[in-house]
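A.B. asks: turn this into a model:
(chains A, B and C)
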Amino acid sequence: MDTLHALGDGFLVALSFQNLALAALGCFLGTIIGALPGLGPSNGVAILIPLAFSLGLPATPALILLTSVYYGAMYGGRISSILINIPGDEPAMMTCLDGYPMAQAGKAGEALAISGIASFVGAFFATWGLVFLAPQLVKVALLFGPAEYFALFALAFATIGGVAARNQIKAAFATGIGLLIAMVGVDLQTGVARFSFNNIHLYDGIDFLVAIVGLFALSEVFVFLEHRAGGGVDATKVPLGRSMPSAKMLGHVTPAVTRGTIVGFLAGVLPGAGASLGSFLAYMLEKKVSGRKGTFGAGDPRGVAAPEAGNNAAAGGALVPMLALGVPGSGTTAVLLSLLLALNITPGPLLFQKHPDVVWGLIAALFIANIMLLALNLPLVKIFVRVLQVPSRYLMPTVAMVSFVGIYGISGSSFDLLVMVGFGIMGWLFRKMDIPLVPVILGVLLGKLMETNLRRELTISDGNWGALLDSPLSIAIWTCAILGFVLPLFIGRFIRPAAVNNEALDSD
Amino acid sequence: MKFSTFCKAALACALLALPGTAHAFDPGSTECIAPANPGGGWDFTCRQVGKTLQDLGLISGTMQVTNLTGGSGGVAYAEVTGKRNKDNNLIVAASSATSTRLAQGAFPGANMDQVRWIASVGADYGVIAVSKNSPISTLPELFDKIKADPGSIAFAGGSAVGGWDHLKVLIAARKAGFKDVRKVKYVAFEGGGEAITQLLAGSVQAFSGDASEAKGFVDSGDIKVLAVLAPERMPGDFAKFPTAREQGIDAIGANWRGFYGPGGMSDEAYKFWEESIAKLYNSPEWKKVMETNGLAPLDLQGAKFEAFVKDSITDIQGLSREIGLIK
Amino acid sequence: MKITDRILGVIALGIAAFFIWRATLIEEPFISDPVGPRVFPIIICVLVGLTGLGLILKPDPEPQWPALATLLEIGAGTAVFVAYAELLPLLGFVIATVFAAGYLAWRLGATLPKAALAGLAISLGIFVVFHLALGLNLARGPLGF
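C.D. replies: Got it, this is the predicted structure:
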């Protein structure tokens, strides 16, 4: 009960007028930042750190402001995914797959509301997990050595087959391209440059933000240019539909939200895996569970609920290693960590003992931000869907320019912009040829991590490949990957040919 | 105080007289380039120094922090030497990583004389540590174990192979009498925190990093510091740990943090920055920042700092050549 | 006619071959782990190559390629984006963005005066939100914005 007592004290800290106002401000700014392509939780928080400084805030209020931004951005990413098929940040990528089809079918309001509720549930339980399980969860993180991480990333890639619209070969091709892009830059394990063609801009590799904004946002602009070129009025007038889902639909998505929360939270706890992996695995698991009954890819509400529960739960999970170990589990927590340092607080195993007011104030702030976000987001659904009524001749230029600003404002590099335009063209061509984009991003995000962990393990074991299967945990993950995802791919061909028909429904 | 005001006025005039160059229209508006994304060490240096300079009234207004990412600092270096060579309002965050890259020729066509080295704001000394359960308790013991069985110990660090965390291991190994330092296993991680986690998880047996990265885990007793790579014992919490030198391994590894400015910066501007950062360094505010972030003293400005960077580059070059990292 | 996927397959084979060749050129590091920097890229190239073969053998039906005029439209859009990226640091954010956003609005169906207005509004709107409110560093041109 000490925990609850400490949490109560935390609420006393957080529930002052100033702190509530800061949380509201943070939630609002975070939602907007999350919804803008190119700006996600990590650079959103980084951008707002100077604001916290210039307001002269002490440690706890500053943290409250910035964690509200963090949670707000995780909420906001889904808005642009659903409304304009452009993920606001990388974990919201999976939400495009079913959210946009829902919006096109006139269910934008419902999709937004479901994803908002799923985000709330994911974040809410993840925060409780943070309160009660942090010390135990740290032990889970410590079970993951390089071999286990390698197995985990292999599991993620084994599920990719399910992303493909019609042609598995094209999903594999897209994955390969993503992996190849991830290989560009200086190799961490040897320090030599790979595929950088002596161009200094390529030494650090290609930032996945550049890839995702190019592939999703700019290619969407090209699609509009293609269809609307030379004038004419907007052809599509999408009906806005209701703004609250029915109780039946909510009941329908509840199991998906539950599973998504658990998967996402666990992925968040592992340093390095993060929210993108959480939302991806949550989506894939849901698709797997629903089997032939689902309409995934064509506007299944569960396809919106699961990844949103997953990525918001991962956001809470990522705070576990940051607060308990001082190890950032994601880009955003890395930024929060440097903020803690700047505020005179050394994170690490003793943070809970040394600065209980900060930690519990922060956790209380998470609860408050979460409730505030739900309260802010549900009524705003009606306003958000109005974006659909903005004529595309004004909306798309704005999207394009915001994409450029997002990338340039962070890296200050014209070269990155050119690379982004290249990705935009590539995304447009891929869409024409029905090549899925998600595997490309997954390859870019996870490819290097997968290689690096393989090579770390083999360095440690002096080249003994058997070491990859040396722990029960890695054997379990490999079994999961092979039994759950690889074998069905082959067996399904012969035993359940009907399943293929369902895949044919998947289209963008 | 008077001097710096005069300096700023002079700066403003000088800038107004140069309308042709880009960015010259903001007399007195200062800028710090962080050659990495927001959230990293360089970004942190820029923001902390910018904020403290403003708090101390050494600059008027806010220092603009620009993130210019790429090439491990190489893109920013090229931008400054190429396009902004005469900008008097500009400083750029740098650290040992910068001098390591310069030494190893990783910035194509660049050398340290193309910019003006302004001042340091502190240093982060290297540590070598093992998990609290490790049977090893001194640095010579660790190296004896590696000599007996090179496969038994893997070092983890937060930089790439050939980077600073790795070089520290190699420096120590050489001083400990290794002929072929390639035998010492090093596993690169994304950052110091991740490397320590893997030490705690038991995947690796030793850790090479900076004192600031290790501080939280030293306080909690999760890791055992075998040696600090400083010339003498550090102040504060780390005072109880012996230096490598005390244990007969004369290895020093300081990750310094500081700034350079454009090569064409005027002497007046250079002097202004040198003195401003000296004042910053001596302020109680900065002392507090240093203490919080585990920064050790390194008080060098102007010519002294330039000589320090030159020495450190020569050292790293010699070492890298000797162990074959560069030809 | 299923020529598109077959061409893509050939391109995939080309990419695989090119990058395998580049991978063999990666300099031998002095200190190397047991796997080395070349193995993983080569495995990936083999994967890409195999998918290329698969595409040649089992192509999908032909996608709807747009007419030449539309392709030119895409090309022109790309040229504007490239020019925008190159001119951004020279002209400054506001001016460059007025032109790029205005062009897009025009091509997407706005009348010229409205497109010009939209360009101005988008540019200033982004400038206010991102630079003045969020403090993001947009490109500063000779006029300081």
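A.B. asks: when you work out contacts or count neighbours from here on, use the C-alpha atoms and nothing else.
C.D. replies: Will do.
A.B. asks: from the contact counts, what lies against the host helix or strand of A:Ala113?
C.D. replies: Using DSSP states H and E, the element containing A:Ala113 is helix A:108-143. Other helices and strands packing on helix A:108-143, by 3 or more Cα pairs under 8 Å, 6 or more residues apart in numbering or on different chains; DSSP states H and E, are helix A:59-84, helix A:93-102, helix A:247-269, helix A:301-317, helix A:319-325, helix A:356-384, helix B:192-201.
A.B. asks: looking at those helices, which is buried most?
C.D. replies: Of these, the one with the most neighbours on average (mean count of other Cα atoms under 10 Å in any protein chain shown) is helix A:301-317, at a mean of 35.
A.B. asks: convert the C-alpha atoms of that one to PDB, please.
C.D. replies: Output of helix A:301-317 as PDB, limited to C-alpha atoms (Å, rounded to 0.1, in the frame of the first residue of the first chain):
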ATOM      1  CA  PRO A 301     -12.500  -1.400 -36.400                       C
ATOM      2  CA  ARG A 302     -10.300  -3.900 -34.600                       C
ATOM      3  CA  GLY A 303      -7.500  -2.900 -36.900                       C
ATOM      4  CA  VAL A 304      -7.700   0.600 -35.500                       C
ATOM      5  CA  ALA A 305      -8.200  -0.300 -31.900                       C
ATOM      6  CA  ALA A 306      -5.400  -2.800 -31.500                       C
ATOM      7  CA  PRO A 307      -2.400  -0.800 -32.800                       C
ATOM      8  CA  GLU A 308      -3.600   2.300 -31.000                       C
ATOM      9  CA  ALA A 309      -3.900   0.500 -27.700                       C
ATOM     10  CA  GLY A 310      -0.500  -1.000 -28.500                       C
ATOM     11  CA  ASN A 311       1.400   2.100 -29.200                       C
ATOM     12  CA  ASN A 312      -0.100   4.000 -26.300                       C
ATOM     13  CA  ALA A 313       0.600   1.100 -23.900                       C
ATOM     14  CA  ALA A 314       4.200   1.000 -25.300                       C
ATOM     15  CA  ALA A 315       4.600   4.700 -24.500                       C
ATOM     16  CA  GLY A 316       3.800   3.900 -20.800                       C
ATOM     17  CA  GLY A 317       6.000   0.800 -20.900                       C
END
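A.B. asks: so how far is it from its chain's centroid?
C.D. replies: 9 Å (Cα atoms, centre = their mean, to the nearest Å).
A.B. asks: pLDDT averaged over it - what is it?
C.D. replies: If you average the pLDDT over helix A:301-317, you get 91.
A.B. asks: who are the packing partners of that helix?
C.D. replies: helix A:59-84, helix A:93-102, helix A:108-143, helix A:247-269, helix A:274-290.
A.B. asks: quick one on the thing from earlier: the helices and strands packed on helix A:108-143: lowest mean pLDDT?
C.D. replies: Minimum mean pLDDT among those: helix A:319-325, a mean of 81.
A.B. asks: what about B:Pro140, neighbour count?
C.D. replies: 19 (other Cα atoms under 10 Å in any protein chain shown).
A.B. asks: can the helix or strand that contains it be said to contact chain A?
C.D. replies: Using DSSP H and E, B:Pro140 maps to helix B:139-148. No. Remark: helix B:139-148 sits outside contact range of chain A, by Cα under 8 Å from any Cα of the partner chain, the gap being at least 13.4 Å.
A.B. asks: quick revisit: what would the helices and strands packed on helix A:108-143 look like in a markdown table with distance to A:Ala182?
C.D. replies: Shown next, in a markdown table, are the helices and strands packed on helix A:108-143 (distance: least, Cα to Cα, whole Å):
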| stretch | distance to A:Ala182 |
| --- | --- |
| helix A:59-84 | 23 |
| helix A:93-102 | 18 |
| helix A:247-269 | 21 |
| helix A:301-317 | 22 |
| helix A:319-325 | 26 |
| helix A:356-384 | 34 |
| helix B:192-201 | 20 |
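A.B. asks: just the C-alphas of whichever strand or helix holds B:Ile316, formatted as PDB.
C.D. replies: Assigned by DSSP H and E, B:Ile316 belongs to helix B:302-322. In PDB, the C-alpha atoms belonging to helix B:302-322 read as follows (Å, rounded to 0.1, in the frame of the first residue of the first chain):
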ATOM      1  CA  GLY B 302      41.600  30.300 -26.600                       C
ATOM      2  CA  ALA B 303      45.100  29.300 -27.500                       C
ATOM      3  CA  LYS B 304      45.400  26.800 -24.600                       C
ATOM      4  CA  PHE B 305      42.200  25.100 -25.800                       C
ATOM      5  CA  GLU B 306      43.500  25.000 -29.300                       C
ATOM      6  CA  ALA B 307      46.700  23.400 -28.200                       C
ATOM      7  CA  PHE B 308      44.700  20.900 -26.200                       C
ATOM      8  CA  VAL B 309      42.600  19.900 -29.200                       C
ATOM      9  CA  LYS B 310      45.700  19.600 -31.300                       C
ATOM     10  CA  ASP B 311      47.400  17.300 -28.800                       C
ATOM     11  CA  SER B 312      44.400  15.200 -28.400                       C
ATOM     12  CA  ILE B 313      44.100  14.800 -32.200                       C
ATOM     13  CA  THR B 314      47.800  13.900 -32.500                       C
ATOM     14  CA  ASP B 315      47.400  11.300 -29.700                       C
ATOM     15  CA  ILE B 316      44.300   9.700 -31.300                       C
ATOM     16  CA  GLN B 317      46.000   9.700 -34.700                       C
ATOM     17  CA  GLY B 318      49.000   8.000 -33.300                       C
ATOM     18  CA  LEU B 319      46.900   5.400 -31.400                       C
ATOM     19  CA  SER B 320      44.600   4.800 -34.400                       C
ATOM     20  CA  ARG B 321      47.600   4.300 -36.700                       C
ATOM     21  CA  GLU B 322      49.400   2.100 -34.300                       C
END
